[in-house]
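Peer 1: I'll drop the sequence and a predicted model, then ask my questions.
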Amino acid sequence: MARPKITIYTDGAARGNPGPGGYGVVMMAGGHKKELSEGFKLTTNNRMELLAVIVALETLKIPGSEVTIYTDSKYVADAVEKGWVFSWVQKRFKGKKNPDLWMRFLELYKKHIVKFVWVKGHANNVYNERCDELAVAASFKETLLEDTGYQPG
């Protein structure tokens, strides 16, 4: 059976930084499209960028899927594509932020064939713009979740 090919666009936003934040995801496979978003009381844009990727990967049902993730986050794309996150693991994330999310990401990353593509934000990319809208709107929701892993400083 052929591996499913999935295209994912992600974005994260924080008003403040730290401040209220949210993530937005657009997932596409075959003729299907799914949008995901959620908002949090106190978080950072980098946490939301990474959480968007995690939630998207957690949504996938078939292990070994070929996944292309489009993000405007250099933090996320470069950490993976340039291999930085793997050396952070060896150093137990010493001096690095968001180890809780990176460890959660890595568990999902090894279940699929994942490639990151960096896209310029706010450059009229339809799906990147949609993710931005979802992320910002989520940060304004009446009921925001607690980002339990966020640690100030």
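Peer 2: Sure, I can see it. Residues are numbered from 1 along each chain as shown.
Peer 1: can you pull the buried residues of the helix or strand bottoming out on mean pLDDT in the chain?
Peer 2: Across the helices and strands of the chain, mean confidence by mean pLDDT, DSSP states H and E is lowest for helix 84-90: a mean of 94. Buried positions in helix 84-90, judged by neighbour count with 16 or more other Cβ atoms under 10 Å: 85, 88. Bear in mind the C-beta positions are built from the backbone N, C-alpha and C, glycine included.
Peer 1: which helices and strands does it pack with?
Peer 2: Secondary-structure packing of helix 84-90 (3 or more Cβ pairs under 8 Å, 6 or more residues apart in numbering; DSSP states H and E): helix 74-81, helix 99-109.
Peer 1: Now do the contacts for the nearest residue to residue 145 once chain neighbours are set aside.
Peer 2: Leaving out its chain neighbours, the residue that sits closest to residue 145 by Cβ to Cβ, 6 or more residues apart in numbering is residue 40, at 5.1 Å. Counting by Cβ atoms under 8 Å, 6 or more residues apart in numbering, residue 40 touches 20-22, 48, 139, 144-147, 150.
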